[in-house]
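**Q** Make a model of this:
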Amino acid sequence: MRIDVITIFPEMIANAVEYSTVKRAQENGLLEIVVHNLRDFAHNQHRSVDDYCYGGGAGMLMKPEPLFEAVKSISSVVGDTKIILLSPQGKLLTQDMARRLSLVDHLILICGRYKGVDERVRQNLITDEISIGDYVLSGGEIPALALIDAVSRLIPGVLGDYESAQDDSFSEGILDCPHYTRPAEYQGMRVPEVLLSGDHKRIREWQRQQALICTYHKRPDLLRSVPLSEEDLEFLKTLKEGD
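**A** A predicted model of the protein is given here:
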């Protein structure tokens, strides 16, 4: 996979992708990240990429020419390309969305700034608009990094154990179950006995029930949209009766 990032603060992206999982993905040839300074495509000596809004109002707006020309300059790699604007107006980034994007050959990420982008960019250039939450940040760099991290770890071979990505919270639409490691007892606090039993069937049942408990108490909204088995529904019924 190749990811091109268009930003007015290239150092923010370039420095951050030199760590941890994303760095290993690049070193192993599974991911290529190229960062572009939008100011390189400005049309004046001051390298400005923003201007006042027609019709008045506070705030500056990102100009269309630099963005169109930056995207045009990026040679498309093999396969399909998605041009994504990171914006508070976009669809909320979810695990399912990250999984689908991890199957795309080429992503071009545009980091919004100021009051946003000229509407002609939104209507005629981008294919997707993505947000990481219902709040406003100073720019799209942090959302772009969140998207890169979420997507890259789902590329087969990036993580040491690919299955670990598949079992994360939201992978099945609900939160993950609690996890424990050594020692089995610490200051009187013991790991649940079922996890030490070696009975894999019981362990799977316990993990599923704990995941349902966690989701029921922390994110009950998720339970309205995820497919649930008859056993799941019966277990959730006991939780509701116990409230």
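**Q** Can you report how many residues lie near residue 62?
**A** Burial of residue 62 is recorded as 22 neighbouring residues (other C-beta atoms under 10 Å). C-beta here means a position set from N, CA and C on the backbone, and glycine is covered the same way.
**Q** give the contact list for it.
**A** Each residue near residue 62 by C-beta atoms under 8 Å, 6 or more residues apart in numbering is listed here: 49-50, 112-114, 116-118, 121.
**Q** Kindly reformat these as TSV containing pLDDT.
**A** Converted to TSV, the contacts of residue 62 look like this (pLDDT from 0 to 100):
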residue	pLDDT
49	96
50	95
112	93
113	92
114	90
116	92
117	95
118	96
121	96
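**Q** Pull out the buried residues from those.
**A** Burial by neighbour count, 16 or more other C-beta atoms under 10 Å: within those this picks out 49-50, 112-114, 116-118, 121.
**Q** Among those residues, which one lies nearest to residue 106?
**A** Distance from residue 106 was checked for each of the buried ones among the contacts of residue 62 by C-beta to C-beta. The minimum falls on residue 121, at 18.6 Å.
**Q** I'd say the closest one and residue 87 touch.
**A** No - at 10.3 Å, residue 121 does not count as touching residue 87 under the criterion of C-beta atoms under 8 Å.
**Q** re earlier: list just the nearest of the contacts of residue 62 to residue 242.
**A** residue 112 (46.1 Å).
**Q** Give me the nearest residue to that closest one, chain neighbours excluded.
**A** Here the nearest residue to residue 112 in space, its sequence neighbours aside, is residue 140; by C-beta to C-beta, 6 or more residues apart in numbering that works out to 4.4 Å.
**Q** burial count for the one you found?
**A** 30.
**Q** can you tell me which residues contact it?
**A** Counting by C-beta under 8 Å, 6+ apart, residue 140 touches 7, 85-87, 109-113.
**Q** In a markdown table: these, plus distance to residue 217 and secondary structure.
**A** Written out in a markdown table, the entries for the contacts of residue 140 read as follows (distance: C-beta to C-beta, whole Å; DSSP: H, G, I helix; E, B strand; the rest coil):
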| residue | distance to residue 217 | secondary structure |
| --- | --- | --- |
| 7 | 39 | strand |
| 85 | 35 | strand |
| 86 | 31 | strand |
| 87 | 32 | strand |
| 109 | 35 | strand |
| 110 | 38 | strand |
| 111 | 36 | strand |
| 112 | 35 | coil |
| 113 | 38 | strand |
